[in-house]
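A.B. asks: Give me a 3D structure for the following:
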Amino acid sequence: MSPEFVRYTPEIETIDPNIDVLLEQIINFWEKKGRESPRTEGTGRAVRGAHAKSFGLVKAEVEILADVPEAYAQGFYAEPGRHGALMRFSSTSGHLGTDAQLGPGLGLAVKIFDVPGEKLVEDEPTSNTFDLVLKNNPIFISNTAKHYLFIEDIANNIHAYLARGRAGFHQLLADVLTGRGALKQPDWAWEEMFALVRTATQTPLRNPLLTTYWTMGAMRHGDYVAKIRIAPAVDSAAHAIHPDLDLAADADVFHPTLVDELKASAFTFDLQVQLCADLTAMPVNVLTVEWPEKLSPFVTVGRVRLPRQDISGPENFEKGDALAFNQWRVTADHRPLGEIMNVRRIYSASAKVRRTLNHQSQTEPVSAESVLP
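C.D. replies: Okay, here's the model as predicted:
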């Protein structure tokens, strides 16, 4: 037992009493975006509402380590062993385009196989998969479902704002702050506006294999509360071919970088847990706040190993596109916490629309090898 860490109780979450109404509106937004995406993105195929552009689907192995401190060895992370996995590297943008156009957000989605236990995704409780959905920034750009709805709509049109230069950028910030004029001044989205600026300007664009990724939101961690990150191991960074990238060099830079690196070398990431030690400084319900490591450092509980492999073929994109990743495809010991993480439950609805339009299977794969032999 570790009394310095916050114990999980359901009361640490705050959820808007009108969440069901807001979720219905958010689902309608994402489903509409998905149905329109074959036309709006110009490919004739439905694309993800977020993380639309894939940089590559990679076969991996996740090892949960032995001798992890008890407070960190909870639930799935309490059983040492090795699991097959798939990792999808992507832009976080909901649009397609050149890598330079899509902004600094990079995503990493991990699907871990052979994880027993009932999962919290309602349509797939018996699947043997366990998902992590992460981004190259420790914070998110909204704290409530109400703010999420209009901020995602604004973000969907961010290119139109930025095309107007300085005036467009100022209008973007004003629209986020005031909810396009719909919010009363006490409800202005100050934290969200500052988070948007931070994520848009302070996230370095790097080789995806040399980038750190966070869950952003908190999750139950057995008896405790945690955030998860996946960070490149120091020895892997030392042999990278492309430590620095020039996005102006070509329309597609990240995918060729992954191809080159993984043909040449294996890579390793550290799978790490940060436990909540103070609900004021490390809030569950405010995702625009980064949890300070000085209060609770990240502790390595596992390794994610990417063997040498060839992901250069066009079928790699097709296989990655057919997968769905969801923060709620976890066991109850790792339940996502807070209003925004509850909102992200609805991503399965937009995934159904996308896969239906693209005539793809709605079922989970049974192993990494069944997708990438």
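
A.B. asks: Val58 versus the residue nearest the centre of the chain, what's the distance?
C.D. replies: Most central residue of the chain, judged by C-alpha distance to the mean C-alpha position with Cα atoms, centre = their mean, is Leu134 at 2.9 Å. Using Cβ to Cβ, to the nearest Å, one obtains 14 Å as the distance from Leu134 to Val58. Glycine gets a C-beta too; all of them are placed from N, C-alpha and C.

A.B. asks: Give the buried residues for stretch 93-109.
C.D. replies: 93-97, 99, 102-109 (16 or more other Cβ atoms under 10 Å).

A.B. asks: actually stretch 295-313, not the one I wrote
C.D. replies: In stretch 295-313, counting by 16+ other Cβ under 10 Å, buried: 296, 298-299, 301-306, 309, 311.

A.B. asks: okay, it in PDB with CA atoms only?
C.D. replies: Taking C-alpha atoms only, stretch 295-313 is exported to PDB below (Å, rounded to 0.1, in the frame of the first residue of the first chain):
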ATOM      1  CA  LEU A 295       5.000  15.300  -7.400                       C
ATOM      2  CA  SER A 296       4.900  11.900  -9.000                       C
ATOM      3  CA  PRO A 297       7.400  10.700 -11.600                       C
ATOM      4  CA  PHE A 298       6.700   8.300 -14.400                       C
ATOM      5  CA  VAL A 299       7.700   4.700 -13.500                       C
ATOM      6  CA  THR A 300       8.500   2.100 -16.100                       C
ATOM      7  CA  VAL A 301       6.300  -0.900 -15.900                       C
ATOM      8  CA  GLY A 302       6.900  -2.400 -19.300                       C
ATOM      9  CA  ARG A 303       8.800  -2.300 -22.600                       C
ATOM     10  CA  VAL A 304       7.300  -2.000 -26.100                       C
ATOM     11  CA  ARG A 305       9.600  -3.500 -28.700                       C
ATOM     12  CA  LEU A 306       9.300  -2.900 -32.400                       C
ATOM     13  CA  PRO A 307      11.300  -5.500 -34.400                       C
ATOM     14  CA  ARG A 308      12.800  -4.800 -37.800                       C
ATOM     15  CA  GLN A 309      10.100  -4.900 -40.400                       C
ATOM     16  CA  ASP A 310       9.000  -3.600 -43.800                       C
ATOM     17  CA  ILE A 311       5.900  -1.400 -43.700                       C
ATOM     18  CA  SER A 312       6.400   0.100 -47.100                       C
ATOM     19  CA  GLY A 313       3.600  -1.500 -49.000                       C
END
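
A.B. asks: tell me the average confidence for it?
C.D. replies: In this model, stretch 295-313 has an average pLDDT of 97.

A.B. asks: quick one: Trp291 is in a helix?
C.D. replies: No: assessed with DSSP: H, G, I helix; E, B strand; the rest coil, Trp291 is coil; it does not lie in a helix.

A.B. asks: Could you find the closest non-adjacent residue to it?
C.D. replies: Distances taken as Cβ to Cβ, 6 or more residues apart in numbering put Met282 closest to Trp291, at 4.3 Å, once the chain neighbours are dropped.

A.B. asks: gap between that neighbour and Phe5?
C.D. replies: Computed with Cβ to Cβ, the distance linking Met282 and Phe5 is 10 Å.
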